[in-house]
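> the sequence isn't on hand, but the structure is:
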């Protein structure tokens with residue numbers, strides 16, 4: 001269990017073959033594949049392949065093989081646990097893992113509620129109108145996001161004044177209404193960017209064996225975060241363009257770094273070595289740019305949203321999201337498994353584009369149901385964030401193109417009523433979420449985790465892959481099929497003084513397999529409840545509610 005995020009539809013990663021470079025090829029993965037070479041075994045050990053070189057892992061029924069295509073040395077780490085530990089052997093392994101890769105910080109409390117985002121808000125007045133729309137209907141928004149193309153040229157790391165005439169005033173107004181602003185930052189620099197010449201002359205770009213700069217992506221060039229001077233230069237521009245306007249939280253998009261053709265020739269060179277040997281650590285070093293920059297000016301709460309990661313990214317305050325996924329029920333089902341494997345990989349702040357990123361039409365009845373079901377899942381992810389490129393698209397303006405509307409009141413009255421209640425439920429759980437986030441920072445136990453994490457000696461918990469725990473008290477079984485009126489749920493055994501209670505119906509259940517009704521405004525959401533020892537008002541095993 002673990003190994004990062006791979007949309008295989010499986011939680012158990014054996015048998016499984018994975019080429020690490022898949023995670024960097026956008027045309028293969030759409031940014032939705034992340035290689036974290038750490039896994040945990042039911043045999044009571046954890047294994048970290050501590051090499052950022054391209055290669056593969058082959059987990060089959062005969063043997064396990066790790067391969068590096070090019071490296072100066074082999075480096076791996078093994079940890080073990082007593083499988084009979086009081087709580088969970090997996091919790092024990094996770095505590096060992098963060099002790100060596102770094103403990104994550106405590107999630108800033110301002111980030112524990114609802115985030116609003118779309119591709120994309122094109123100008124200052126539009127963003128402010130949306131934020132005030134939520135404020136006026138008493139739906140709290142912790143963070144609202146300014147997506148890409150708010151610049152004149154890629155790599156300017158600043159706002160286009162035509163569309164964003166006074167970002168400092170915008171950010172200040174949003175803060176007065178309880179909302180913080182996040183901005184999208186790419187690691188690419190256009191040849192016509194205001195920073196191109198200085199970065200070229202400073203030797204801050206990736207180069208080939210002859211010292212020349214290869215065009216990396218769409219006529220742009222990529223900076224080298226393995227170069228400390230390049231990191232300092234980039235942070236200086238980020239501070240000037242964004243931080244000095246009041247924005248201290250950053251969306252690190254396309255930071256695999258995004259590419260479209262495999263490069264196993266090793267033509268890219270970083271300060272630390274060839275792409276072939278160190279390229280998988282690119283997102284970690286890019287995150288280091290922002291973490292160290294913020295720390296250098298006294299900011300102790302670091303919050304980054306990143307499309308990729310490496311072992312240890314969590315210690316830098318990196319939230320990871322699952323890329324440009326499709327707006328389908330099949331994709332929603334894949335996300336439930338991917339979320340659990342990311343947690344078992346030591347990525348603690350994880351999120352998904354609620355509703356999927358691409359293909360969702362807000363007038364389509366299937367999508368209107370999908371967005372409700374995705375919200376029911378998303379509210380029980382560590383980070384609760386709405387995003388996507390919706391259809392029909394907005395009409396182009398002088399500030400560019402944009403996907404369609406993506407606010408909760410745009411999906412119809414029925415969806416709006418249900419989604420509003422889900423957001424308020426997450427708000428009611430804020431104290432619980434923060435308690436779990438403090439535990440994450442302390443001992444590396446993830447908030448979202450497989451059932452078997454909490455019930456390691458219960459064999460059936462290993463088979464319930466489309467359910468998960470949210471902390472120790474909440475069991476979540478999302479609805480993953482269109483027009484599904486009921487679904488099967490497995491409830492693990494609890495101590496004799498506890499029982500499972502359905503949040504929506506308040507019906508009590510003992511352990512067992514149950515068929516649970518799933519009207520659109522409800523889903524199987526259970527919490528542990530302490531009961532008197534003499535209680536007899538519970539359903540028995542295999543009874544249908």
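It's in. The model shown is predicted, which means the values in this text are computed figures rather than measured ones.
> which residues touch the closest residue to residue 430 other than its chain neighbours?
Distances taken as Cβ to Cβ, 6 or more residues apart in numbering put residue 112 closest to residue 430, at 5.5 Å, once the chain neighbours are dropped. Backbone N, C-alpha and C define where each C-beta goes, glycine included. Going by Cβ atoms under 8 Å, 6 or more residues apart in numbering, residue 112 touches 142, 430, 433, 434, 437.
> show me how to select, in ChimeraX, the buried members of those residues.
This is how ChimeraX selects the buried members of the contacts of residue 112, with burial counted by 16 or more other Cβ atoms under 10 Å:
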select :142,433,437
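> any chance of the contacts of residue 112 in a markdown table, with secondary structure too?
Compiled in a markdown table, these are given as follows (DSSP: H, G, I helix; E, B strand; the rest coil):
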| residue | secondary structure |
| --- | --- |
| 142 | coil |
| 430 | helix |
| 433 | helix |
| 434 | helix |
| 437 | helix |
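> pick the one among the contacts of residue 112 closest to residue 512.
residue 433 (28.7 Å; Cβ to Cβ).
> by mean pLDDT, flag the weakest helix or strand of this protein.
None of the helices or strands of the chain scores lower by mean pLDDT, DSSP states H and E than helix 26-29, at a mean of 67.
> which of the contacts of residue 112 sits closest to residue 171?
Using Cβ to Cβ, the contacts of residue 112 come closest to residue 171 at residue 142, 14.3 Å.
> residues contacting the closest one?
Contacts of residue 142 by Cβ under 8 Å, 6+ apart are 110, 111, 112, 113, 114, 115, 178, 179, 180.
> now do stretch 357-367: distance to the chain's middle.
22 Å (Cα atoms, centre = their mean, to the nearest Å).
> again but with stretch 194-208, I slipped
31 Å.
> before we move on, what about stretch 132-145?
21 Å.
> what comes up buried for that stretch?
134, 139, 140, 141, 142, 143, 144, 145.
> hang on, the second one packs against residue 416?
Translated: residue 139. No: counting by Cβ atoms under 8 Å, residue 139 stays clear of residue 416, with 9.9 Å between them.
> following element in sequence after the least confident helix or strand of the chain, please.
strand 34-41 (DSSP states H and E).
> so which of the buried residues of stretch 132-145 sit within helices?
Applying DSSP state H to the buried residues of stretch 132-145, the entries found in helices are residue 134.
> mind putting the buried residues of stretch 132-145 in TSV, distance to residue 97 included?
Shown next, in TSV, are the buried residues of stretch 132-145 (distance: Cβ to Cβ, whole Å):
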residue	distance to residue 97
134	38
139	37
140	34
141	34
142	28
143	28
144	34
145	30
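> now the buried residues of stretch 132-145 in TSV, with pLDDT and distance to residue 207?
Formatted as TSV, those follow (pLDDT from 0 to 100; distance: Cβ to Cβ, whole Å):
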residue	pLDDT	distance to residue 207
134	98	46
139	98	49
140	98	47
141	98	43
142	98	41
143	98	37
144	98	38
145	98	33
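> quick one: the helices in the protein?
Going by DSSP H, the chain shows helices at 26-29, 89-101, 124-136, 167-176, 196-202, 228-241, 275-278, 282-296, 329-344, 365-378, 413-428, 430-443, 451-454.
> chain center to the third one, what's the gap?
In terms of Cα atoms, centre = their mean, the centre of helix 124-136 is set 25 Å apart from its chain centre.
> which secondary structure elements does it contact?
strand 114-116, strand 143-146, helix 167-176 (3 or more Cβ pairs under 8 Å, 6 or more residues apart in numbering; DSSP states H and E).
> and residue 298, which of those is closest to it?
That would be helix 167-176 among these, by Cβ to Cβ, at 18.1 Å.
> helices or strands up against that closest one?
By 3+ Cβ pairs under 8 Å, 6+ apart, helix 167-176 packs against helix 124-136, strand 180-185.
> now do the contacts for residue 68.
51, 53, 54, 55, 74.
> beta partners for the fourth one?
Residue 55 has these beta-bridge partners by DSSP bridges: residue 68.
> what's around it, how many residues?
22 (other Cβ atoms under 10 Å).
> and it, how far from residue 280?
9 Å (Cβ to Cβ, to the nearest Å).
> so what sits against both of the two?
Both residue 55 and residue 280 are in contact with residue 20, where contact means Cβ under 8 Å, 6+ apart.
> for stretch 98-112, measure first residue to last.
22 Å (Cα to Cα, to the nearest Å).
> over to stretch 176-185?
End-to-end distance of stretch 176-185: 24 Å, with Cα to Cα as the criterion.
> next one: stretch 154-164
16 Å.
> in the protein, which residue is most central in space?
In the chain, the residue lying closest to the centroid (Cα atoms, centre = their mean) is residue 321, at 2.6 Å.
> what about this protein, any weak spots by pLDDT?
Low-confidence segments of the chain (pLDDT under 70): 27-29, 83, 86, 216-218, 260-266, 533-545.
> dump the helices and strands packed on helix 167-176 into a markdown table; add distance to residue 460 as well.
A markdown table is the format used below for the helices and strands packed on helix 167-176 (distance: least, Cβ to Cβ, whole Å):
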| stretch | distance to residue 460 |
| --- | --- |
| helix 124-136 | 42 |
| strand 180-185 | 41 |
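> so which of those is the most surrounded?
Among the helices and strands packed on helix 167-176, strand 180-185 has the highest mean neighbour count (mean count of other Cβ atoms under 10 Å), at a mean of 23.
> tell me which other helices or strands it touches.
Strand 180-185 packs on strand 143-146, helix 167-176, strand 249-252, going by 3+ Cβ pairs under 8 Å, 6+ apart.
> closest to residue 354 out of the ones you listed?
Closest of these to residue 354 is strand 143-146, at 12.8 Å (criterion: Cβ to Cβ).
> that closest one - which strands sit beside it in the sheet, and in what orientation?
strand 114-116 (parallel), strand 180-185 (parallel).
> can you say which of these is nearest to residue 474?
Nearest of these (Cβ to Cβ): strand 114-116, 17.5 Å.
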